[in-house]
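>>> one predicted model, sequence on top.
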Amino acid sequence: QVQLVESGGGLVQAGGSLRLSCAASGRGFSNYACAWFRQAPGKEREFVARWSGGSTNYADSVKGRFTISRDFAKNTVYLQMNSLKPEDTAVYSCAADRYYSGSNYASYDYWGQGTQVTVSS
């Protein structure tokens, strides 16, 4: 069993930066793939970034602006978000799975509670 807790969201002006953290507890987390998803009001949850076996993958909408990273010593996954745009406003959630590492949110078993990111224009 893995528990995930996100932090780091907030209000930022367009062009600014935020770093989200996802702290994990539970055995074996180092063997899990991790991902970030987001959901804006009235929209479906969408894939943002994922980390699996040292490889990373990003949605086209965030490529070049967001970076996913992982600190195994701290059992934490990060999402560094730069050059933020108003359209990045959403609730951001981290997810983890022992066997799945793709971009389909329905296939991840473990989720955090989410953290709100609001980007003002």
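Arrived safely, thanks for sending. Residues are numbered from 1 along each chain as shown.

>>> what helix or strand is the spatially most central residue of the chain on?
By C-alpha atoms, centre = their mean, the mean C-alpha position of the chain lies nearest to residue 36, the distance being 2.4 Å. With the criterion set as DSSP states H and E, the secondary-structure element containing residue 36 is strand 33-39.

>>> contacting residues around that strand?
For strand 33-39, contacts defined as C-beta atoms under 8 Å, 6 or more residues apart in numbering pick out 20, 22, 45-53, 68, 70, 77, 79, 88, 90-98, 100-101, 103, 105, 108, 114, 117. All C-beta spots, glycine's among them, are computed from the backbone N, C-alpha and C.

>>> if I look at the residue nearest to the centre of the chain, how far off is residue 121?
Computed with C-beta to C-beta, to the nearest Å, the distance linking residue 36 and residue 121 is 23 Å.

>>> show the contacting residues for residue 69.
Remark: with contacts taken as C-beta under 8 Å, 6+ apart, residue 69 is in contact with 51, 77, 78, 80.

>>> check the gap between the nearest residue to residue 91 once chain neighbours are set aside and residue 31 for me.
Nearest residue to residue 91 in three dimensions, chain neighbours excluded: residue 114, at 4.3 Å (C-beta to C-beta, 6 or more residues apart in numbering). In this structure, residue 114 and residue 31 are separated by 24 Å, where distance is defined by C-beta to C-beta.

>>> for residue 56, same thing?
17 Å.

>>> likewise residue 8?
Residue 8 is 24 Å from residue 31, by C-beta to C-beta.

>>> ok, residue 16 next?
Going from residue 16 to residue 31 by C-beta to C-beta gives 35 Å.

>>> good, wrapping up.
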